[in-house]
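Trainee: Pasting the sequence and the predicted model now:
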Amino acid sequence: MAIHKIKIEDELVSSYLSYSLSVIIGRAIPDIRDGLKPVQRRIIWTMWEENVKSNSQHRKSAKIVGSCIGKYHPHGDKPVYDALVRMAQPFVMRYPLIDGQGNFGSIDGDEPAAMRYTEARLTKIAEELLVDINEGTTDFSPNYDETLEEPKYLPTRFPNLLVNGCSGIAVGMSTSIPPHNIAEVSDALIHLVDNPTASLDEILKILKGPDFPTGGIVVGDLKQIYEEGKGQLTIYSRYKIEKGEKGRKNIVFYEVPYQENKSKIVEKIAQLSKDKIIDGIARVADESDRRGIRVVVEVKEGFEIEPIIAQLYEKTGLKSNFLVNMLVVDGIQPISVDLKTLLEKFIDFRKDIVLKRTKFRLEKAERHLHILEGYIKALGSIDEIISIIRKSQNQQEAKENLKKRFGFSDIQAQAILDLKLGRLSKLDAEEIKKEHEKTSKEVQELKEILKSEKKLKEIIKQEFLEIKKEYGDQRRTEISDKPPVREEISQEYKIIITHDFYINTFAKTERTPRLPVKSSFISSGDLACVTNLGKVYRVRLEKIKTWTEKGMPVKSLVRTSKEEEIIYVCPAYEDRYLVFITKMGFTKKFRLSEVYDLTARGEVIFELEQGDEIRDAVECSEDDQIFFMTKGGMILGINASDITARVSKAIELSRGDTTDEVLLVINKTKEDNFLVCSTENYVKRIRASELKVQAKGGVGITVIPEKALPAVDAIFISSEDDTVAITYISNEKENYKYFPAKKIPLLTRHAIGKQLVEGKIISIGRVM
């Protein structure tokens, strides 16, 4: 035996292509005609062959699987049983093809019982896949060991591919077709038979869209999806509002999106509530039973329901996306199809089936008619025929004698010989003539079907109507052009940032602990985080999990380098800006809406000069006034509108022989007082009206005299009734004291201030 050398890369390409084609056609992608994968078709054919039908007793799943493997499917028992189970699950199949008895799994993700415990039989609708299969309607091919034959496709009377949908992953391609309502599909097919040039818009008036077994609300551009055969749908769980205990309201979800695990949804809701990612939930309970799904979310008093629903959709499986990719096998070719093509292909398929069936029936009827004509010819000579048969040595001799004497054909002579003598002698002339007349009429009708396209279409339409009448039901899935709640509505949180950049979140209506804060704000969206190296990070609100009163470090939420320090955090409001200031006095503006385009690794927004660093940042609008303060006690106010996206000099730091450096930047809106403190523990209030807006690039004005320098911190406050906290170091321990703002002396810009604490002041802030 010769050994042929071949390059390994050539062999790999050839073998992999063969393998790919085998997986695509032989396992993962459904046939465009019956909508079944090979394993599904083989299971159904095995059950049909062994008479495990809808009117028979259930049979052990293990026996069905064993027969299928032994006869037709040379693979493991697990994939065969998994396929059988899936065809029996009412939350997977819109119209189940298997009637299962026993534990076949649940929508909670429970595994089905082992095949030795469960039983199954075909459903009535599954039998519609096989009707007329014995009438020459399908092609057969040898099984894997060529001892049996199996159908290449089933002559289904309904488009199972559209009705039950399909999903599968092959090599380099996948399919995902949603299920549809059988009544709507039947109506769409009838309309297309009558109107072959019907537009997609016309079809979509009849076939509204997907109809999932688990219901829900579908939102998406259905026209585009059905035109292209691909796209994405969004499925929302349905809910209703009920009155709960103690005057509370309950959100009751009574449907879940297709292929979502209900138990995991309930667990996720409970976790989101526990972690304060969604606030306002008092309790979540799964009250589902045999009557249906019922997930109850009890809402705390004082909380609005709609924002909570919006967040539940956004953060749990109560909303899911369904990718549509209508990829099918047509012959031996995988193709992508649009909706109209899929319907047209099925109509053509049904025409072919009906024509094959008609030809089969015509051939059978003509044969029967021919035999009846022989019987009629024999009626006047029964005694002679019996005599010829008795005198003949064997059946072959009798056949030849009959043909010679009466002119019977081979078929007629054999039919007469096949009759027992007792029956032959009792042939009823009237009965045979009636049967002949009936069969002649049948032959004529069958011939007319083969000659008339119109009659062929009428038969196909009638069968579609029968399917609709027998199996049609109410649509379960609602088709909508908008989500059940406005998605822009989400829970607003009170967010607190401490001077050492810990972050905590609280519900808007929730009482917050008495803490000194660097900043606080209300937000429902993501946050912007600025570092000293000019990078900006996006912080997702749902990632903030707080177990302590102080919160969690902001740095734990972003991927900073060792050299980076967090210097500012603010909400990523779409209509506002971020203003940076460097140690050397350079500034620029950045649109906060661009934060949503950033990755988890952040992005350098401010290119720094060597030796420089971002000292502070502030969020503002175009109409705000921005004040830059230096360690040397100078402050310069400019209009935010004067700052651009390009780096420019904000404040001049050189004065004579001294060079200052920037301490911070703050945003003045409508505040009446300016509080400033220094390392020497001097604190004072200045009327905000004393701080004037000047031209960008100036030196500013003095707010701390030289004796009290350097400056440490400063804030604007809106009222004397505000409470402020001074954080300071005493005996190497961090402490803070609270002061009513009116207790802090109101002085001029040139006054030193008052020493209010014993220690080294490190910050001053508002108290929540």
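Mentor: Everything's here; your move. Numbering: from 1, shown residues only.
Trainee: who's in contact with residue 758?
Mentor: Counting by C-beta atoms under 8 Å, 6 or more residues apart in numbering, residue 758 makes contact with 681, 730. Yep, even glycine has a C-beta here, placed from its N, CA and C like the rest.
Trainee: try 10 Å this time
Mentor: Residue 758 is in contact with 681, 728, 730, 731, 735, 737, counting by C-beta atoms under 10 Å, 6 or more residues apart in numbering.
Trainee: quick one: least confident of these?
Mentor: Of all the contacts of residue 758, residue 681 has the smallest pLDDT value, namely 81.
Trainee: Any of the contacts of residue 758 buried? List them.
Mentor: Among the contacts of residue 758, those buried by neighbour count (16 or more other C-beta atoms under 10 Å) are 681, 728.
Trainee: Relative to residue 101, which of the contacts of residue 758 is nearest.
Mentor: Minimum distance to residue 101 across the contacts of residue 758 is 72.3 Å, recorded for residue 735 (C-beta to C-beta).
Trainee: surely residue 520 meets residue 551?
Mentor: No: look at residue 520 against residue 551 with C-beta atoms under 10 Å: they stay out of range, at 11.7 Å.
Trainee: Pull up the overlap in contacts between the two.
Mentor: Residues touching both residue 520 and residue 551 by C-beta under 10 Å, 6+ apart: 495, 496, 497, 498, 504, 506.
Trainee: quick one: which of these sit in strands?
Mentor: Among those, the members found in strands (DSSP state E) are 495, 496, 497, 504, 506.
Trainee: Could you verify my assumption that the second one touches residue 505?
Mentor: To tie it back to what came earlier, the one meant is residue 496. Yes: using C-beta under 10 Å, residue 496 is in contact with residue 505, at 7.8 Å.
Trainee: I'd like the contacts of residue 758 laid out as JSON lines, including secondary structure.
Mentor: What follows is the contacts of residue 758, written out as JSON lines (DSSP: H, G, I helix; E, B strand; the rest coil):
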{"residue": "681", "secondary structure": "coil"}
{"residue": "728", "secondary structure": "strand"}
{"residue": "730", "secondary structure": "strand"}
{"residue": "731", "secondary structure": "coil"}
{"residue": "735", "secondary structure": "strand"}
{"residue": "737", "secondary structure": "strand"}
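Trainee: Pick out whichever of the contacts of residue 758 sits closest to residue 152.
Mentor: residue 735 (83.8 Å).
Trainee: hang on, that closest one packs against residue 726?
Mentor: Yes: using C-beta under 10 Å, residue 735 is in contact with residue 726, at 9.0 Å.
Trainee: how about residue 234, what does it touch?
Mentor: 216-220, 257, 313, 319-322, 480, 483, 487.
Trainee: so it is in which element?
Mentor: Counting by DSSP states H and E, the element that carries residue 234 is strand 230-236.
Trainee: for residue 677, same thing?
Mentor: Going by DSSP H and E, residue 677 is part of strand 673-678.
Trainee: And that strand, how far out from the chain middle?
Mentor: 53 Å (C-alpha atoms, centre = their mean, to the nearest Å).
Trainee: Low-confidence ranges, the stretch 51-200 of the chain, go.
Mentor: 170-172 (pLDDT under 70).
Trainee: What segments of it are strands?
Mentor: All strands of the stretch 51-200 of the chain, identified by DSSP state E, counting those that start in this stretch, fall at 59-60, 98-101, 119-122, 140-142, 149-151, 166-169, 174-177.
Trainee: Is it possible to get CSV of those that adds mean neighbour count?
Mentor: Formatted as CSV, the strands of the stretch 51-200 of the chain follow (neighbours: other C-beta atoms under 10 Å):
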stretch, mean neighbour count
strand 59-60, 16
strand 98-101, 21
strand 119-122, 22
strand 140-142, 10
strand 149-151, 17
strand 166-169, 18
strand 174-177, 19
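Trainee: and residue 572, which of the ones you listed is closest to it?
Mentor: Nearest of those to residue 572, taken as C-beta to C-beta: strand 174-177 at 34.2 Å.
Trainee: And that closest one, what does it pack against?
Mentor: If you count contacts as 3 or more C-beta pairs under 10 Å, 6 or more residues apart in numbering; DSSP states H and E, strand 174-177 packs onto helix 160-164, strand 166-169, strand 319-325, strand 327-330.
Trainee: rerun that using 6 Å as the cut-off
Mentor: Using 3 or more C-beta pairs under 6 Å, 6 or more residues apart in numbering; DSSP states H and E, the elements in contact with strand 174-177 are strand 166-169, strand 319-325.
Trainee: Quick check: beta-bridge partners of the most centrally placed residue in the chain?
Mentor: For the chain, residue 321 is the residue whose C-alpha lies nearest the centre (C-alpha atoms, centre = their mean; 2.0 Å). Here residue 321 shows beta-bridge partners residue 234, assigned using DSSP bridges.
Trainee: just the strands in the stretch 251-400 of the chain please.
Mentor: Residue ranges of the strands in the stretch 251-400 of the chain, as given by DSSP E, counting those that start in this stretch, are 281-286, 295-299, 319-325, 327-330, 333-336.
Trainee: Adjacent strands (with direction) for the last one?
Mentor: Spelled out, that is strand 333-336. Strand 333-336 has the following strand partners under DSSP bridges: strand 327-330 (antiparallel).
Trainee: I would like the residues contacting the partner strand, please.
Mentor: Contact partners of strand 327-330, identified using C-beta atoms under 6 Å, 6 or more residues apart in numbering, comprise 25, 29, 30, 31, 32, 175, 336.
Trainee: Okay, strands next: where are they in the stretch 601-750 of the chain?
Mentor: Using DSSP E, counting those that start in this stretch, strands in the stretch 601-750 of the chain cover 603-604, 614-620, 625-630, 634-639, 648-649, 654-655, 658-659, 662-668, 673-678, 682-687, 701-702, 711-717, 723-730, 733-740.
Trainee: Report the angle between the last one and strand 673-678.
Mentor: Okay, so that is strand 733-740. Here the directions of strand 733-740 and strand 673-678 differ by 150 degrees (axes from the mean of the first three to the mean of the last three C-alpha atoms, to 10 degrees).
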